[in-house]
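# Can you look at this prediction? I've put the sequence above it.
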Amino acid sequence: MRKGLIIVGVVVLVFLVAFISQYNSLVTLETNVDARWAQVENQLQRRADLIPNLVNTVKGYASHEERVFSEIAAARSRLLAAGDPGARMEANNSLDAALGRLLAIAESYPELKADASFIRLQDELAGTENRIAVERMRYNESVETWNRAIRRFPTVIFAGLLGKGARPYFQAAEGAREVPQVQF
């Protein structure tokens, strides 16, 4: 009888240790995904902070392009107000499209392209876009690790019990593969 209790106790202890180990692994992976997303948000905020200065510089040369300026302002507001990663990704895609139109307009103004403050802002924006690309890649890598882990056995059982699901990848916007047309 005593030997049977010891065996049952050992089996329960093994399952308990396995559960704790799986739980800790999930916490580590989930925290990594959250930290990577925070870095993406950090860079998106940096870009959102640069945009008003860039818009104001372009406005001085192309004041009749009011539609593009209002699109950028609306897209920036949606990005800043978005709460969850999916909404932020969608708002970011709108902002990408609006910024592309703004930069295409800037190409039509040679004196604007030569303006020192515009050049500086454009360089800062380009650097920020590179940072966003790096952080998006890192976020997607951590999402891949997370999604793979929660689909593997026996983690899939623990993840299901804990209510942990797949995370979305940060994907390029529709039409992102198309090269913007700049006409002089």
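Yes, it's here. A quick note: this is a predicted structure, and the numbers were derived from the prediction, not measured.

# among the helices and strands of this protein, which has the poorest mean pLDDT?
In the chain, no helix or strand scores lower on mean pLDDT, DSSP states H and E than helix 110-113, which sits at a mean of 76.

# which stretches of this protein have low pLDDT?
64, 173-184 (pLDDT under 70).

# can you pull out the helices in it?
2-61, 66-81, 85-107, 110-113, 116-151, 155-162 (DSSP state H).

# coming back round to it: what comes up buried for the least confident helix or strand of the chain?
Of all the residues in helix 110-113, those buried under the rule 16 or more other Cβ atoms under 10 Å are Leu112. C-beta: built from backbone N, CA, C; applies to glycine.

# what does stretch 121-141 give?
Under 16+ other Cβ under 10 Å, the buried positions of stretch 121-141 are 121-122, 124-125, 128, 131-132, 135-136, 138-140.

# residues touching Val55, list them.
69, 72-73, 102 (Cβ atoms under 8 Å, 6 or more residues apart in numbering).

# now do 10 Å
68-69, 72-73, 76, 98-99, 102, 121 (Cβ atoms under 10 Å, 6 or more residues apart in numbering).

# again, but for Leu50
121-122, 124-125, 127-128.

# Between these, which sits nearest Gly83?
Thr128 (22.0 Å; Cβ to Cβ).

# ok, now how distant is the closest one from Asn24?
Distance of Thr128 to Asn24, computed by Cβ to Cβ, to the nearest Å: 36 Å.

# Gln122 now?
For Gln122, the distance to Asn24 - Cβ to Cβ - is 46 Å.

# roughly how far apart are the residue most central in space within the chain and Thr128?
By Cα atoms, centre = their mean, the chain has its centre lying nearest to Val40, at 4.5 Å. The spacing between Val40 and Thr128, counted by Cβ to Cβ, is 12 Å.

# Leu5 now?
From Leu5 to Thr128 the distance is 63 Å (Cβ to Cβ).

# Good, we can wrap up now.
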